[in-house]
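Peer 1: Only the shape, not the letters, is given here:
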């Protein structure tokens, strides 16, 4: 007999998924939420497998997380088959896929698929424009038109180079949005300057992982610590600064952990 107001969870899930850390902290929060609103409803003789229809905004509000972060994380979890969905008129019904062996691995190829497609489209447009310029009859075109076309082509090439400059994944954007959210929670009137600051920050997150050889989960922990610590939250106000001070932040975080202090946000909040 299952006591009321409880959620039954298999031992295999507790050990193989939760204890062995197969989910990130944000994924753990979302999975706990989905389990609460599906398995947590006692259907007399059996558990309920699906949640009711839920909007992503509602999940974000209930978990106290920015909607952009929730949407991006849920999308990745659906792609990896961690979450199963059923579309209704308003919102989606969710089910946690407890069969973890069926989950798909999050490869860089999958993460960068959309970015690669965008760059391919830009390449095609630039090549087409350059071909037209070379094959057009000079007598049919005024000098002013040539100048205009050349200017337009230069702008397209500049845009293409700008996109190549920032080669990051969805995971790096997720980390960036987490840092932005926590900074604004600490200082709501904080103004983030620059046209491409989000892309620049995401690129800094990529460099932190790839060039500095930092683990994604470790970066997430350091971000959360930097915005909880009374001293560091006044100094870490960009991804570049986070990368520059990463070693000092990590050492301070480990020191506080050894003292038994909490240095990160819990994966599931009531």
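Peer 2: Everything's here; your move. Remember, it's a predicted structure, so these values are computed and weren't measured experimentally.

Peer 1: Give me the distance between whichever strand or helix holds residue 177 and the centre of its chain.
Peer 2: Assessed by DSSP states H and E, residue 177 sits inside helix 170-186. Here helix 170-186 shows a centroid-to-chain-centroid distance of 8 Å under the convention Cα atoms, centre = their mean, to the nearest Å.

Peer 1: So which bits of it are buried?
Peer 2: 170-183 (16 or more other Cβ atoms under 10 Å). All C-beta spots, glycine's among them, are computed from the backbone N, C-alpha and C.

Peer 1: residue ranges with poor pLDDT in the stretch 51-200 of the chain?
Peer 2: Scanning the stretch 51-200 of the chain with the threshold set as pLDDT under 70 gives 106-118, 121, 136-154, 156-166.

Peer 1: any chance you could map the helices in it?
Peer 2: With helices called from DSSP state H, counting those that start in this stretch, the stretch 51-200 of the chain shows them at 56-63, 67-79, 108-111, 113-135, 143-165, 170-186, 197-210.

Peer 1: Between helix 197-210 and the helix or strand just after the last one, find me the angle.
Peer 2: When you say that, I think you mean helix 197-210. Counting by DSSP H and E, the next helix or strand C-terminal to helix 197-210 is helix 216-228. Here helix 216-228 runs at an angle of 130 degrees relative to helix 197-210 (axes from the mean of the first three to the mean of the last three Cα atoms, to 10 degrees).

Peer 1: follow-up on the earlier one: ok, so of the buried residues of helix 170-186, who is nearest residue 27?
Peer 2: residue 174 (10.5 Å; Cβ to Cβ).

Peer 1: Looks like the closest one contacts residue 70 (just checking).
Peer 2: No - using Cβ atoms under 8 Å, residue 174 is not in contact with residue 70, being 10.1 Å away.

Peer 1: contacting residues around residue 222?
Peer 2: Neighbouring residues of residue 222 by Cβ atoms under 8 Å, 6 or more residues apart in numbering: 242, 246, 249, 250, 253.

Peer 1: switch the cut-off to 10 Å
Peer 2: 175, 208, 214, 232, 236, 242-243, 245-247, 249-250, 252-253, 263-264 (Cβ atoms under 10 Å, 6 or more residues apart in numbering).

Peer 1: for those, which one is nearest residue 48?
Peer 2: Of these, the one sitting nearest to residue 48 (Cβ to Cβ) turns out to be residue 264, at 31.5 Å.

Peer 1: Just give the number of residues close to residue 230.
Peer 2: 6 (other Cβ atoms under 10 Å).

Peer 1: In terms of residue numbering, what are the domains of the chain?
Peer 2: Under the assignment automatic domain parsing, the domains of the chain span 11-102, 113-159, 170-258.

Peer 1: now those as CSV including distance to residue 4?
Peer 2: What follows is those, written out as CSV (distance: least, Cβ to Cβ, whole Å):
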stretch, distance to residue 4
domain 11-102, 7
domain 113-159, 45
domain 170-258, 34
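
Peer 1: Residue 5: which of those is closest?
Peer 2: domain 11-102 (8.2 Å).

Peer 1: who are the neighbours in contact with the closest residue to residue 23 other than its chain neighbours?
Peer 2: Using Cβ to Cβ, 6 or more residues apart in numbering and skipping the chain neighbours, the partner closest in space to residue 23 is residue 31 (6.2 Å). Listed by Cβ under 10 Å, 6+ apart, the contact set of residue 31 reads 13, 17-18, 23, 77, 82-83, 94, 96-98, 267-268.

Peer 1: hmm, try it at 8 Å
Peer 2: If you count contacts by Cβ under 8 Å, 6+ apart, then residue 31 has 23, 82, 83, 96 around it.

Peer 1: Okay, and it sits in which element?
Peer 2: Assigned by DSSP H and E, residue 31 falls in helix 25-36.

Peer 1: Mind listing what's buried along that helix?
Peer 2: 25, 26, 27, 28, 29, 30, 31, 32, 33, 34, 35.
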